[in-house]
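J.: Build the 3D model from these lines:
(2 chains)
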Amino acid sequence: MANSELNNYISDRKASLPSRGRPAMVMTHVVCGYPSFEDNWKELQVMHEFGVDLVELQFPFSEPSADGPLFVKANQEAISKGVSVDDCFNFMKKVTEAFSFKVVMMGYFNTIFKTGQRTFLERLKEAGGHGFIVPDLPIEEARILHEIAAELELSPIVLMTPTNSDERLAELALAADGFVYTVARKGVTGTNTDMNSDLAEFIDRCKAKTDVPLAVGFGITTAEDVAFIGKHADIAVIGTAALKAWETGGETSLRGFFTQLLN
Amino acid sequence: MDLFDFTDGREGYYGEYGGTFLPEILHSTIEELKAEFRKAKDDPTFWQEFIELMQSYSGRPTPVTHLANLSRKLGGAQIYIKREDLNHTGSHKINNVMGQGLLVKRMGKNRVIAETGAGQHGYATATMAARFGFESKIYMGAIDVARQRPNVFWMENMGSTVVAVEDGQQTLKDAINECLRDWVTNMDTTHYVLGTACGPHPFPEMVSWFQSIIGREAREQMISSTGKLPDRVFACVGGGSNAIGLFQGFMDDEETQLVGCEAGGFGPGKGNHAARLAYKDASVGVAQGMKTYFLQNDDGNMLHTHSVAAGLDYIGVNPILVHLWEKDRVRFEAVTDAQVTEALKLAMRTEGVIPALESSHGFAQAVLEAEQMSKDEIVLINMSGRGDKDIFTIADALDDDHWKKFIRQKAEEYGQ
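T.: Presented below is the predicted three-dimensional model:
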């Protein structure tokens, strides 16, 4: 079963974009326990103030091979401080009870596999999460996880990438629910992306294969980027840039960042 | 038995283990590699080209040597060693690397990247890149760079860029993560020359195939020099490429025991060693592209590992070997750093051979068992690499005073 709660939420949020004066929905990213859960909470309060629509909570993993340097450091420091899967779920529950944005889990497959795929998804559901983004789990290996997700009405967030053929995009579309995470370019998280005609063409290729809303991630930093995404897709993913702002000057810098990005 | 006949199961799976766990962005790259590899494997002229290259460039076939003195001293089985140390660049790593080099040429790519732990694979890759005219970048954990400077020296002098990886534990697994990050960025021009029979399919199969040259030669050589098959075959297991390479030659010889020798480090206990199967500290997980046994905690985060041998200091293990272990075809044992150092000294003193610290794990276990065997039994050890390139590490392991004095003098000289 599709996750109708998330799907309805996203379509409502999309419908309200003009009245909110926003070109696109926004999804932000927080690495659980980095720099600390207290800092995470303050970041999320700021994100909530700015009307963020969705939040990815990343469960730290010791081998974050799809992440760029800043998130690699964040993962490692969180783990070395002892942040556990239990801590992440407890935090997620607190977050989903306190804020109105919807939350998805982001992380690597071993965290899920080692917890037990069913147990993990049951705990995700219980903590108020709506889906999961697992960048090292291709759909061929995800059959069991996706079956359990359908049963629990959680959304498997599928990634589409510019190197995929149209045929492959069609295969990916079959597994998609909630939204699709389109990866704006090759490489890892945290470096700039040219918002150009190649990207627009790629997003159009994705759109041709799926009706599920499209999030665009990797390298979004400016209001122009968000406007570009609003024109071609649905959700702008803000990852590294927000963490950089936080590291520069805490709440003040993060507010400054979102002000230039969204207002 | 054909380990790579996937018709009854899933492609790239060995029992429950293996698979292709990669970011979607590499999907088309890995499909291209699979297709190219399949074509090469089905093309007898490709294997012929590979054999000829290894003969002319790396001195294959490498011999087997009877260690008559050591056998006599122990009073048990006759000990033979397969001399992978006599390859160009000093280890079996060159087999896989030259094979992948030929594939890169077929794919029309011009840049290669590789991870390296002990430095042997990086050294071999740098050599291959120089020979084939590829641009190359070698990722190596910062700790490994510090402990393997001689290999770094050769890599750089062959024109490779060596990147010291500062993330994580700064060892082999972190170098692999960094290679994956490079690969997801540069896949159009770049091939990732994975150094061991680990990672996503088709790497375990591909690396095993190139390394099978060891076992094919060894089986014939043992029969022609002893008139029979060895009773037991020993090989060290880090990622597992030299072991699967040698073991494949004897896979169907059910009377021949196959023994994988892991890094027991300081002995059992999480964090003390890198023995995934011989000790009970590892469990099944999914990381670095594959499903296999990993040294990890209950949350699936990887543990610190330790071994005197950088090339065995790794969290995961070849999924094919795990499958063979579960089927009782391969036995796993662990030997400690202390046992390894003793075995190395024994090999040097009685036979004048210098096995690498990695290979000395095979020696240590074989010595232990050979002593208990009868004189008409035969054991074969894979001497997967030579130890003289490890002079800094071995001198440390042996706590050699003369060496320390020399280094102090040298340091003073450079200090001036």
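J.: now the residue of the stretch 301-416 of chain B found nearest chain A: how far from residue A:64?
T.: The minimum distance from the stretch 301-416 of chain B to chain A, using CB to the nearest CB, falls at residue B:301 (4.0 Å). Heads up, the C-betas are built off the backbone N, CA and C, glycines and all. Counting by CB to CB, to the nearest Å, the gap from residue B:301 to residue A:64 is 11 Å.
J.: which residue packs closest to the residue of the stretch 301-416 of chain B closest to chain A, ignoring adjacent ones?
T.: Counting by CB to CB, 6 or more residues apart in numbering or on different chains, residue B:301 lies nearest to residue A:62, which is 4.0 Å off, once chain neighbours are set aside.
J.: burial of residue 112, as a residue count?
T.: No chain was given, so I picked chain A. 24 (other CB atoms under 10 Å in any protein chain shown).
J.: meant chain B, my bad for not saying
T.: Residues within reach of residue B:112, counting by other CB under 10 Å, total 25.
J.: The longest helix along chain A and chain B, any residue contact?
T.: Longest helix in chain A, counting residues (DSSP state H): helix A:240-262. No: Helix A:240-262 stays clear of chain B (CB under 8 Å from any CB of the partner chain), getting no nearer than 13.9 Å.
J.: can you pull the contacts of the one residue in the stretch 151-300 of chain B that gets nearest to chain A?
T.: At 3.3 Å from chain A, residue B:300 is the closest residue in the stretch 151-300 of chain B, using CB to the nearest CB. Residue B:300 makes contacts with A:61, A:85, A:110, A:111, A:113, A:114, A:115, B:285, B:287, as judged by CB atoms under 8 Å, 6 or more residues apart in numbering or on different chains.
J.: Check the gap between the last one and residue A:65 for me.
T.: Distance from residue B:287 to residue A:65, counting by CB to CB: 8 Å.
J.: What of the fourth one?
T.: Residue A:111 sits 13 Å away from residue A:65 when distances are taken as CB to CB.
J.: Residue 228: what's its closest spatial neighbour, skipping adjacent residues?
T.: By default, I'm working from chain A. residue A:195 (4.2 Å).
J.: Chain B was what I was after
T.: Leaving aside its chain neighbours, residue B:228 sits nearest to residue B:378 (7.0 Å; criterion: CB to CB, 6+ apart).
J.: Ramachandran angles for the one you found?
T.: Per-residue torsions, residue B:378: phi -130, psi 130 (degrees, to the nearest 10).
J.: Enumerate every residue touching it.
T.: Residue B:378 sits next to B:77, B:78, B:80, B:222, B:226, B:228, B:229, B:230, B:231 when contact means CB under 8 Å, 6+ apart.
J.: Now with 7 Å, please.
T.: With contacts defined as CB atoms under 7 Å, 6 or more residues apart in numbering or on different chains, the neighbours of residue B:378 are B:77, B:78, B:80, B:226, B:228, B:230, B:231.
J.: Would you point out the most distant pair within the contacts of residue B:300?
T.: Within the contacts of residue B:300, A:85 and B:287 form the most distant pair, 15.2 Å apart (CB to CB).
J.: Now tell me what touches stretch A:210-226 from outside.
T.: Identification of contacts with stretch A:210-226 by CB under 7 Å, 6+ apart yields A:10, A:14, A:23-24, A:27, A:173, A:176-177, A:179-185, A:189, A:191-193, A:195, A:203, A:206-207, A:229, A:233-239, A:241, A:260-261.
J.: nearest residue to residue B:121 other than its sequence neighbours?
T.: residue B:195 (3.3 Å).
J.: Quick one: neighbours of that neighbour, just the number.
T.: Residues lying near residue B:195 (other CB under 10 Å) number 31.
J.: Can you name the residues that contact it?
T.: Contact partners of residue B:195, counting by CB under 7 Å, 6+ apart, are B:93, B:96, B:114, B:115, B:116, B:121.
J.: 8 Å - rerun?
T.: Counting by CB under 8 Å, 6+ apart, residue B:195 has contacts B:93, B:96-97, B:114-116, B:121-122, B:124-125, B:207, B:239, B:241.
J.: May I see the domains of chain B written out as residue ranges?
T.: The record's domain parsing of chain B by automatic domain parsing lists B:14-55+B:92-203, B:59-90+B:212-398.
J.: Go through the contacts of stretch A:210-226 and flag which are in strands.
T.: Taking DSSP state E as the definition of strands, the contacts of stretch A:210-226 contribute A:27, A:180, A:181, A:182, A:183, A:235, A:236, A:237, A:238.
J.: beta partners of the closest residue to the first one other than its chain neighbours?
T.: In this case it means residue A:27. Of all residues not flanking residue A:27 in the chain, residue A:54 sits nearest, at 3.9 Å (CB to CB, 6+ apart). Applying DSSP bridges to residue A:54 gives these bridge partners: residue A:27, residue A:102.
J.: My read is that residue A:54 contacts residue A:103, right?
T.: Yes: counting by CB atoms under 8 Å, residue A:103 is a contact partner of residue A:54 at 7.5 Å.
J.: Please say which of these two ends up with more neighbours.
T.: Ranked by neighbour count (other CB under 10 Å), residue A:54 and residue A:103 place residue A:54 first, with 26 against 22.
J.: Which pLDDT does the model give the more buried one?
T.: What the model reports as pLDDT for residue A:54 is 98.
J.: how far away is the residue nearest to residue B:121 from residue B:5?
T.: To residue B:5, residue B:195 is 25 Å away according to CB to CB.
J.: in the stretch 151-263 of chain A, which segments are predicted with low confidence?
T.: For the stretch 151-263 of chain A, the stretches with pLDDT under 70 are A:190.
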